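> can't give you the sequence, but here's the structure:
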């Protein structure tokens, strides 16, 4: 009887573990909130993307991830008290060829708050391609206010869920002026690879 009782307990525990792991797998596989891992030379950053609020932007970003575009790129623009930007240059400061621009989705209600990831762009609101930045503070001036040249803002499409300490370490690196660009880390901060968790 004791043996049967132990077997039933073990079976129950296995069933619970199966349910818990299945639930975890379901969350990880949620197409609306996929999580990506950025392996950098200073540590890993995990980012939960929000395809519910920024579907085109997330689709665009994941396309670059799928084709390993980001592997070997760097955080080429780091401004203390503002953000860290990457996803467009190799370690020797060579720009990478990108795909078509994605439409601006900054009016989705997501704000440029500390720990969020957003698309970098030119003065054209709809010019974002591969480059992104992670806000290290609340950057209210970057938020959407109106569908105008000055009011479009920058599209937030996710948030850091693990590794914000790594973001802070990157933000604190020494920077310099090089190749016609300012705020470039003296020692390259390399994005080794980005992949879906």
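That came through, no problem. The shown structure was predicted, so the numbers you read here are calculated from the model rather than taken from an experiment.
> just for the chain, where's the confidence low?
1-29 (pLDDT under 70).
> Which residues does the strand or helix carrying residue 165 contact?
Under the criterion of DSSP states H and E, residue 165 resides in helix 164-171. Contacts to helix 164-171, defined as Cβ atoms under 8 Å, 6 or more residues apart in numbering, come from residues 40, 42-45, 75, 78, 80, 83-84, 115, 134, 136, 160, 185, 189. From N, CA and C alone the C-beta is placed, and that goes for glycine too.
> Restricted to buried residues, select the residues you listed in ChimeraX.
Here is the ChimeraX selection string for the buried members of the contacts of helix 164-171, based on 16 or more other Cβ atoms under 10 Å:
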select :40,42,45,75,78,83,84,115,134,136,160,185,189
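> So of the contacts of helix 164-171, which two are at opposite extremes in space?
Pairwise distances across the contacts of helix 164-171 peak at 21.5 Å for 44 and 80 (criterion: Cβ to Cβ).
> Just give me the neighbour total for the nearest residue to residue 100 once chain neighbours are set aside.
Sequence neighbours aside, residue 129 is the residue nearest to residue 100 in space, at 7.4 Å (criterion: Cβ to Cβ, 6 or more residues apart in numbering). Residues lying near residue 129 (other Cβ atoms under 10 Å) number 20.
> Please tell me how far residue 129 sits from residue 76.
Residue 129 sits 14 Å away from residue 76, going by Cβ to Cβ, to the nearest Å.
> what does residue 114 give?
Distance from residue 114 to residue 76, by Cβ to Cβ: 21 Å.
> repeat for residue 42
14 Å.
> same thing with residue 122?
Taking Cβ to Cβ, one finds residue 122 at 15 Å from residue 76.
> Looking at the two, which is more packed in?
For residue 122 versus residue 76, neighbours defined as other Cβ under 10 Å are more numerous around residue 76 (25 against 11).
> neighbouring contacts of whichever helix or strand comes after the helix holding residue 165?
Using DSSP H and E, the helix or strand that follows helix 164-171 towards the C-terminus is strand 175-178. Identification of contacts with strand 175-178 by Cβ under 8 Å, 6+ apart yields 78-79, 93, 182-186.
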